[in-house]
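> quick one: sequence and predicted model below, then my questions.
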Amino acid sequence: MPQLLDQLREQRATARTAADEILTRASIEGRDLTAEEFAEHTRQVAAEREAADAMEAERDRQLAEVRAMATRGRQPVLSRQAAEVARQFRSAIFAKNPAPIEVFAEQLPDEWPDDIPEPVYGRSGRVRVHTRDLLTTTATQALGTDVYSTIVQHLVETSALMRAGATVVTTETGETLVVPRSTGFVTTNLIAEAGQITESDPTLSTVSLGAYKYANYFEVSQELANDTPTNLMSFLARQAALSLGLGANGYGDDLINGNGTGQPRGLLLDAATGVTGPAGTAAGLGTQGTANQGTDALWNLVGSVAEPYADAASASFLMRNAVDVSIRKLKDTTAQPVQGLGDRRSLLGYPVYHDPFMPAAANGAEYIAFGAMDRYFIRIVNGIRFERSDEFRFQNDLIAFRCIIRLDGALIDTNAVKTFVGTT
């Protein structure tokens, strides 16, 4: 029921506020969380997650109910209202009318498609049919529903960290997001009978994630829009996404190499050195068959990461394609290719991901990373905005587009990822 969603939303907001207050209080006072505060924060986070899961389940139930009503084989109750709904949909598609479309659930015709838009229930019990907020654009047009999925797909393609399993957190607003982390565990001791147990508190700290804006803007002539036989929207979405991720000033470089000042804290900024390349190897892995060189160096990098991280589901290698190729070309003492490296998608039994912003192999460069990539957090504010205006360049008969994303990133657990550094 709509009331249930409201209750769950309030529960989630209350738990989130309580958890944030604990972190904010500790941050203002410049101290770590106490054991009691940490326990209470954990409880509130669990309550927020439980409410969010319940909201998702309720939305799925409501959507299933609407779809079931659409397939019961009955005709629309009010044909005049059904005709008006059809007219409003045509207006939205052909005239770019941004006005919301409201229908009664029982009006949905038999031929209503399975992928109907997500329903949102209002106080009157009517269903407001709309696309997701990330598709909402300027008040001058309406975009096709395939645009959002296309952008997300290519954003993932251009971010090896996302594909490698980085934790992506999406928030509705852009205020600073405080992420608690543990930097030290309690100490366990062997205690004699009736002996006093030594007190030992966990060491806690926080990492703050902001929201840096990355955006691009471009214009297309009306002639191109009208005369192009292919799916122009998909093409534009792909180009916008590629520019955000792979552009010279895009977020892809910052997620790897960002210095944390006016930009995200890149993965390499906080990842510790795991292995230094062998001396005299010209920024390479050295000679296969020589101790601690070749694949030995890679195994040493794996061994430099603690067991829970090396065994994690997100444990993987991250490097440039050229570096991966140089590893595949390693030869054994009989000049034969080294066996057991894996195919192009794996290395020594771990997934390998290629990122063009990882440094090239060079002396002193951190050009191979390994570890549990889910300990790198990427915070995205309110998803992606892909917007179009037909009026802004009206005098020039041009259509204006812009694509915007706000995000930040940081390695929350600095022990989770280690790097291979070329010899100095």
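That came through fine.
> helices of the stretch 301-424 of the chain, start to end?
For the stretch 301-424 of the chain, the helices defined by DSSP state H, counting those that start in this stretch occupy 307-310, 321-328.
> can you tell me which of the ones you listed is most buried?
helix 321-328 (a mean of 16; mean count of other CB atoms under 10 Å). No exception for glycine: its C-beta is placed from N, CA and C like everyone else's.
> tell me who's in contact with E29.
Listed by CB atoms under 8 Å, 6 or more residues apart in numbering, E29 has no contact partners.
> got the domain ranges for this structure?
2-135, 144-185+199-424 (automatic domain parsing).
> make CSV out of those and add distance to E193.
Formatted as CSV, the domains of the chain follow (distance: least, CB to CB, whole Å):
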stretch, distance to E193
domain 2-135, 26
domain 144-185+199-424, 19
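> what's the helix or strand encompassing L298 in contact with?
Element membership for L298 (DSSP states H and E) is helix 295-303. For helix 295-303, contacts defined as CB under 8 Å, 6+ apart pick out 274-275, 277-278, 285-286, 288, 290, 292, 310, 327, 330, 338, 340-341, 347-348, 350, 368, 370, 418-420.
> leaving out chain neighbours, which residue sits closest to N382?
E172 (5.7 Å; CB to CB, 6 or more residues apart in numbering).
> neighbours of that neighbour, just the number please.
The local packing of E172 (other CB atoms under 10 Å) involves 8 other residues.
> so it sits against R379, correct?
No. With contact defined as CB atoms under 8 Å, E172 does not reach R379; the gap is 11.8 Å.
> returning to that earlier point: okay, the residue nearest to N382: pLDDT?
Looking at E172, its pLDDT stands at 88.
> likewise I368?
96.
> what pairs with it across the strands?
Per DSSP bridges, residues listed as beta-bridge partners of I368: M319, F420.
> quick revisit: where's the residue nearest to N382 relative to A211, distance?
According to CB to CB, to the nearest Å, E172 stands 11 Å off from A211.
> E48 now?
Distance from E48 to A211, by CB to CB: 20 Å.
> hang on, D60 is in a helix, isn't it?
Yes. The assignment for D60 by DSSP: H, G, I helix; E, B strand; the rest coil puts it in a helix.
> neighbours of it, just the number please.
D60 has 10 neighbours, counted by other CB under 10 Å.
> hmm, back to that, need the helices of the stretch 301-424 of the chain in JSON lines with mean pLDDT and distance to Q395, can you?
Formatted as JSON lines, the helices of the stretch 301-424 of the chain follow (pLDDT from 0 to 100; distance: least, CB to CB, whole Å):
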{"stretch": "helix 307-310", "mean pLDDT": "94", "distance to Q395": "58"}
{"stretch": "helix 321-328", "mean pLDDT": "92", "distance to Q395": "46"}
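> any chance of those helices in a markdown table, plus distance to F401?
Below are those laid out as a markdown table (distance: least, CB to CB, whole Å):
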| stretch | distance to F401 |
| --- | --- |
| helix 307-310 | 42 |
| helix 321-328 | 31 |
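> any stretches of the stretch 1-150 of the chain with poor pLDDT?
Scanning the stretch 1-150 of the chain with the threshold set as pLDDT under 70 gives 1-2, 63, 66-150.
> on that earlier part again, tell me the buried residues within the contacts of helix 295-303.
274-275, 277-278, 285-286, 288, 310, 327, 330, 341, 347-348, 368, 370, 418-420 (16 or more other CB atoms under 10 Å).
> narrow those residues to those in strands?
G274, V275, L347, I368, F370, K418, T419, F420 (DSSP state E).
> doesn't F420 make contact with the second one?
Yes. Here V275 reaches F420: they are 5.0 Å apart, a contact under CB under 8 Å.
> residue contacts, F392?
A400.
> actually L267, sorry about that
By CB under 8 Å, 6+ apart, the contact list for L267 reads L161, L255, I256, L318, A369, Y376, G409, L411, V417.
> how close does the closest residue to Q288 other than its chain neighbours sit to N321?
Of all residues not flanking Q288 in the chain, G294 sits nearest, at 3.4 Å (CB to CB, 6+ apart). Distance, G294 to N321, by CB to CB: 19 Å.
> same check, this time on T287
23 Å.
> now L161
In terms of CB to CB, L161 sits 15 Å off from N321.
> just say which of the domains of the chain is most tucked in.
Highest mean neighbour count among the domains of the chain (mean count of other CB under 10 Å): domain 144-185+199-424, with a mean of 17.
> can you give me the helices in the stretch 151-300 of the chain?
In the stretch 151-300 of the chain, the helices defined using DSSP H, counting those that start in this stretch lie at 160-163, 222-227, 232-246, 251-257, 267-270, 295-303.
> now mean pLDDT too, for these, in JSON lines please.
Formatted as JSON lines, the helices of the stretch 151-300 of the chain follow (pLDDT from 0 to 100):
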{"stretch": "helix 160-163", "mean pLDDT": "88"}
{"stretch": "helix 222-227", "mean pLDDT": "79"}
{"stretch": "helix 232-246", "mean pLDDT": "80"}
{"stretch": "helix 251-257", "mean pLDDT": "94"}
{"stretch": "helix 267-270", "mean pLDDT": "95"}
{"stretch": "helix 295-303", "mean pLDDT": "94"}
